[in-house]
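*Asks:* Starting from these lines, generate the structure:
(one chain, ligands or ions: 1)
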Amino acid sequence: MYIGTTLTNFIIETQRQFEGATGEFTGLLNDIAVACKKISDLVNKGDLVGVLGTAGSENVQGEQQKKLDVISNDIFIEALAHNGHVAALASEEMDDVYHLSDEAHRGKYLVLFDPLDGSSNIDVNVSVGTIFSVLKAPAGIKNPRKEDFLKPGTEQVAAGYCVYGPSTMMVLTTGKGTNMFTLDRDFGEFLLTHSHVQIPEDTQEFAINTSNMRFWEPPVKRYIDECLQGKDGPRGKDFNMRWIASMVAEVHRILTRGGVFMYPLDSKIKAKGQGGKLRLMYEANPMAFIVEQAGGACTTGRERMMTLSPEDIHQRVPVVLGSRNEVERVSEYHR
Ligand SMILES: O=P(O)(O)OC[C@H]1O[C@](O)(COP(=O)(O)O)[C@@H](O)[C@@H]1O
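*Replies:* Reported below is the predicted structural model:
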């Protein structure tokens, strides 16, 4: 009876290529998989277990927290903070760095995560997800500080997301390509279903929140205008549009069939004194690593995302990602 390659076996195989691997990395990714399975179960049960609706509290971003934002954050901490694989954690739902208890064993890694991405879709049964980024922890520091997390995306040792949709899928890169695993709920294992995913270089599908069009900068306006003019316009081909309002679901579609996703800087965002809508450390950088490892590209519109020097854990940035030739065209329009 063929079972397939489980996520754990896949990671163990990957680790064999690393001299002196201790199994700690495998242990960490297993902890993350356990947390995602638990969150998937709750998302799937929804009202049956009373996890929908608002939590009645705000996060550091000033956003109304959903119950599942808070619950998913707690599940991640519970799954990662006690197994000796991490030295500290940081999350969209926590103002500052999460430090382990004094007696907890410290591991070699730091993890940044968005416990539940696409919060506006939780209560309407549309795909949501969890995004994570793994960095090396500074050696010999018991309680890493915020500064120890502020590393460029190129220093990530792993990144991934789990999408909770019609099926639950974990998408992961450790710098050797991007692979997808589907959760078999019957025996609770993530099984490898798509290996070495490649994003088509070209596409005729864009994703952007067009309700913000009046606030866009000229390069973005030009790019979308040309797409909308279709085959009679300068692009000479028709484009389709998608907007799910869950970054995880948008990126998953793009990994599966190509496309370009944009959440650009606009005058409304600037007026709030922000640098973008999406967060660099636990949304843009992990997605950039995943997309680049699948042959795509990710920029701010002006710079390669993963070379940015982060200034804060909750820093916001403009995001343009997906099919390489379209991302390059958007950057060209910004130049
Ligand atoms: O509300 P909008 O403008 O459609 O923005 C949707 C975007 O905001 C997000 O929901 C932000 O993420 P969170 O839900 O984690 O805050 C993205 O997933 C999505 O791409």
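*Asks:* Val126 - that's part of a strand, no?
*Replies:* No - looking at Val126 with DSSP: H, G, I helix; E, B strand; the rest coil, it is coil, so not inside a strand.
*Asks:* count of residues packed around it?
*Replies:* For Val126, the neighbour count with other Cβ atoms under 10 Å is 15. Quick note: C-beta positions are derived from backbone N, CA and C, even for glycine.
*Asks:* May I have the residues that are in contact with Glu303?
*Replies:* Glu303 sits next to no residue when contact means Cβ atoms under 8 Å, 6 or more residues apart in numbering.
*Asks:* Would you mind giving both backbone torsions of it?
*Replies:* phi -130, psi 150 (degrees, to the nearest 10).
*Asks:* Glu24 versus that one, what's the distance?
*Replies:* Using Cβ to Cβ, to the nearest Å, we find Glu303 at a distance of 33 Å from Glu24.
*Asks:* which bits of the chain sit near the ligand?
*Replies:* Within the chain, the positions adjacent to the ligand are 92, 114, 117-120, 209, 245-247 by Cβ under 6 Å from any ligand atom.
*Asks:* which of these are buried?
*Replies:* Using 16 or more other Cβ atoms under 10 Å as the burial test, those include 92, 114, 117-119, 245-247 as buried.
*Asks:* So which residue of the protein lies furthest out from the middle?
*Replies:* Going by Cα atoms, centre = their mean, the residue of the chain most distant from its centre is Asp232, 35.9 Å out.
*Asks:* Tell me the pLDDT of Ser40.
*Replies:* We have a pLDDT of 98 for Ser40.
*Asks:* same check, this time on Glu155
*Replies:* pLDDT for Glu155: 98.
*Asks:* Leu135 is in contact with that one, correct?
*Replies:* Yes - under the contact definition of Cβ atoms under 8 Å, Glu155 touches Leu135, with a separation of 6.0 Å.
*Asks:* These two - which one has more neighbours?
*Replies:* Ranked by neighbour count (other Cβ under 10 Å), Glu155 and Leu135 place Leu135 first, with 24 against 11.
*Asks:* Excluding chain neighbours, what is closest to that one?
*Replies:* Using Cβ to Cβ, 6 or more residues apart in numbering and skipping the chain neighbours, the partner closest in space to Leu135 is Leu110 (4.5 Å).
*Asks:* Just the residues of the chain next to the ligand: which are in helices?
*Replies:* By the criterion of DSSP state H, membership of these in helices covers Met247.
*Asks:* any chance of the residues of the chain next to the ligand in a markdown table, plus pLDDT?
*Replies:* Formatted as a markdown table, these follow (pLDDT from 0 to 100):
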| residue | pLDDT |
| --- | --- |
| Glu92 | 96 |
| Asp114 | 98 |
| Asp117 | 98 |
| Gly118 | 96 |
| Ser119 | 90 |
| Ser120 | 94 |
| Asn209 | 98 |
| Ala245 | 97 |
| Ser246 | 98 |
| Met247 | 98 |
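*Asks:* from the residues of the chain next to the ligand, which two are the most distant?
*Replies:* Glu92 and Asn209 (19.0 Å; Cβ to Cβ).
*Asks:* Can you tell me what sits against stretch 7-24?
*Replies:* So stretch 7-24 is contacted by 25-26, 29-30, 33, 84-85, 107-109, 170, 172, 174, 176, 179, 181, 189-192 (Cβ under 8 Å, 6+ apart).
*Asks:* Take those and keep only those in strands.
*Replies:* Here DSSP state E is the test, and the contacts of stretch 7-24 give 109, 170, 172, 179, 181, 189-192 as lying in strands.
*Asks:* closest to the ligand among the residues you listed?
*Replies:* Closest approach to the ligand among the ones in strands among the contacts of stretch 7-24 (Cβ to the nearest ligand atom): Met170, at 17.4 Å.
*Asks:* List the contacts of the residue nearest the centre of the chain.
*Replies:* The chain has Ile131 as the residue nearest its centroid, 3.7 Å off, counting by Cα atoms, centre = their mean. Neighbouring residues of Ile131 by Cβ under 8 Å, 6+ apart: 113-114, 117, 160-161, 247-248, 282-283, 286-287.
*Asks:* Go through those and give me the one with the most neighbours.
*Replies:* Met287 (32 neighbours).
*Asks:* doesn't it fall inside a helix?
*Replies:* Yes - counting by three-state DSSP, Met287 falls inside a helix.
*Asks:* Excluding residues flanking it in the chain, which one is nearest it?
*Replies:* Val251 (5.4 Å).
*Asks:* What pLDDT does the model give the one you found?
*Replies:* 98.
*Asks:* Tell me how many other residues crowd the residue nearest to Leu135.
*Replies:* The criterion is other Cβ under 10 Å. On that basis, Leu110 has 22 neighbouring residues.
*Asks:* Please verify my assumption that it contacts Ala87.
*Replies:* Yes - judged on Cβ under 8 Å, Leu110 makes contact with Ala87 at a distance of 6.1 Å.
*Asks:* any common contacting residues for those two?
*Replies:* By Cβ under 8 Å, 6+ apart, the residues touching both Leu110 and Ala87 are 137, 144.
*Asks:* residues touching whichever residue of the stretch 51-200 of the chain sits closest to the ligand, list them.
*Replies:* In the stretch 51-200 of the chain, the residue that lies nearest the ligand is Ser119 (3.7 Å; Cβ to the nearest ligand atom). Applying Cβ under 8 Å, 6+ apart to Ser119 gives the contacts 63, 65-66, 68-69, 128.
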